[in-house]
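Engineer: let me see the structure of the following:
(2 chains)
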There are 2 protein chains.
Amino acid sequence: MNVLAKKLAPYTVLLASQSPRRHQLLRGLDIPFEIAQKDVEESYPSNISLHSIPQYVAKKKFEAFEPEISDTTFLITADTVVILNNQILQKPTSHNDARALLHSLSDNTHVVVTGVCFGLKNKSVAFASESYVTFAKLSNHEIDYYVDMYNPLDKAGAYGVQEWIGYIGIESITGSYYNIMGLPVQALYRKILEYEM
Amino acid sequence: MNVLAKKLAPYTVLLASQSPRRHQLLRGLDIPFEIAQKDVEESYPSNISLHSIPQYVAKKKFEAFEPEISDTTFLITADTVVILNNQILQKPTSHNDARALLHSLSDNTHVVVTGVCFGLKNKSVAFASESYVTFAKLSNHEIDYYVDMYNPLDKAGAYGVQEWIGYIGIESITGSYYNIMGLPVQALYRKILEYEM
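Structural biologist: Below is the predicted model of the structure:
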């Protein structure tokens, strides 16, 4: 058994996310866990910095679960945003919107920030991780093909780094690849090992 | 159909590699292809620079296939090396060797270079792509767990970026994640689109 699985063995790990990418990433840590989901209003105060928003929203998601979890539940929540030119790119609302978002990312570098909140009831810890992503110039054909074939309406910034557009379009990243996918697993692993139960 | 699939449609794409990671990466470009393999002696002249070796070996692999491929075969070969402190880390020869390699990568930054050679018979093009990988400090437990559970004897530098050790151990990368996995698909895609048939 790995050291993280040993540490978490007395607890039920609960990943509160409906993202299949996050499920896959947490599975990669070789620990057992369960999945929960709940609709949480993802609003945030207008005066906080863009880069603090994911951590704020992750904490809000944690607090939405907190009253109903047991003392032996170890909860993990997360929120990912894409920031370009000091603006947050949301999930696209339509295929046209997805195409417009991808045009704005094309031939440009953006930041992906994932906020994570984890821990036992009344004892949560939150942190955020940032990665930089540089897209090559994307043609209309490439953007149309991706949007039609991959339907990225559930993805912040209208792309999945692990899909075709990430393969053909991303020239370079700086930081954690898994953070761009939706969960900074290396930082999360280290921080749970440091966490005092 | 995407533009690359359209360009390659008159040809049989042949990926000469037995690496399942490379098969997965090329599949991600949404093009049909076949797989071939052949034992090629991977030696290189002692006077070429370390960073040129993968491109040299990829070209050598291409030339080993060249006499026997048809005029409508579009061949792709590749070679990946891990370079640390100006030395090439080979595939480990034993579990002990794998542990020693991982100890040398721990708390350190190394370079992954993949050389690729592609094209039609007597008309090959070669290039190389470099990425930087920074590992956190790995404990003996972490190294032992990974080597025992994942048996990385087939991997240059004794690790797979897409496996547990990459999830818990890699703090940051600079460059292409897919290059570290074994094939710089973004550069390959662009270069095949530029290639004159």
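
Engineer: list the contacts for the nearest residue to A:Y132 once chain neighbours are set aside?
Structural biologist: Spatial nearest neighbour of A:Y132, chain neighbours left out: A:T174 (4.3 Å); criterion: C-beta to C-beta, 6 or more residues apart in numbering or on different chains. Backbone N, C-alpha and C define where each C-beta goes, glycine included. A:T174 makes contact with A:131-132, B:172-174 under the criterion C-beta atoms under 8 Å, 6 or more residues apart in numbering or on different chains.

Engineer: average model confidence for the helix or strand where A:T174 lies?
Structural biologist: Using DSSP states H and E, A:T174 sits within strand A:170-175. The pLDDT scores in strand A:170-175 average 98.

Engineer: can you tell me the SS state at A:D148?
Structural biologist: helix (DSSP: H, G, I helix; E, B strand; the rest coil).

Engineer: tell me, how many residues neighbour it?
Structural biologist: Neighbourhood size, A:D148 [other C-beta atoms under 10 Å in any protein chain shown]: 11.

Engineer: just to revisit the earlier point, could you tell me which of the contacts of A:T174 count as buried?
Structural biologist: Buried members of those, counted by 16 or more other C-beta atoms under 10 Å in any protein chain shown: A:131, B:172-174.

Engineer: of those residues, closest to B:N96?
Structural biologist: Ranked by distance to B:N96 (C-beta to C-beta), those are led by B:I173 at 27.3 Å.

Engineer: and the closest residue to that closest one other than its chain neighbours, what element?
Structural biologist: Leaving aside its sequence neighbours, B:I173 sits nearest to B:V133 (C-beta to C-beta, 6+ apart; 5.2 Å). Secondary structure assignment for B:V133, by DSSP H and E: strand B:123-135.

Engineer: chain center to that strand: distance?
Structural biologist: Taking C-alpha atoms, centre = their mean, to the nearest Å, one finds the center of strand B:123-135 at 8 Å from the center of the full chain.

Engineer: try stretch A:156-166
Structural biologist: Stretch A:156-166 has its average C-alpha position 13 Å from the chain's average C-alpha position, going by C-alpha atoms, centre = their mean.

Engineer: got it, and stretch A:117-128?
Structural biologist: Using C-alpha atoms, centre = their mean, the offset of stretch A:117-128 from its chain centre is 16 Å.

Engineer: is the residue nearest to A:Y132 bridged to anything, and to what?
Structural biologist: Beta-bridge partners recorded for A:T174 (DSSP bridges): A:Y132, B:T174.

Engineer: from A:I83, how far out is it?
Structural biologist: 14 Å (C-beta to C-beta, to the nearest Å).

Engineer: can you check which helix is longest in chain A?
Structural biologist: helix A:53-65 (DSSP state H).

Engineer: neighbouring contacts of that one?
Structural biologist: With contact meaning C-beta under 8 Å, 6+ apart, helix A:53-65 is reached by A:14, A:16, A:36, A:38, A:40-42, A:44-45, A:48, A:75, A:77-81, A:88, A:113-119, A:124, A:126-128.

Engineer: can you state the direction angle for it and strand A:123-135?
Structural biologist: If you take axes from the mean of the first three to the mean of the last three C-alpha atoms, to 10 degrees, helix A:53-65 sits at 140 degrees to strand A:123-135.

Engineer: right, and the helix or strand after helix A:53-65?
Structural biologist: Helix A:53-65 is succeeded, C-terminally, by strand A:73-84 (DSSP H and E).
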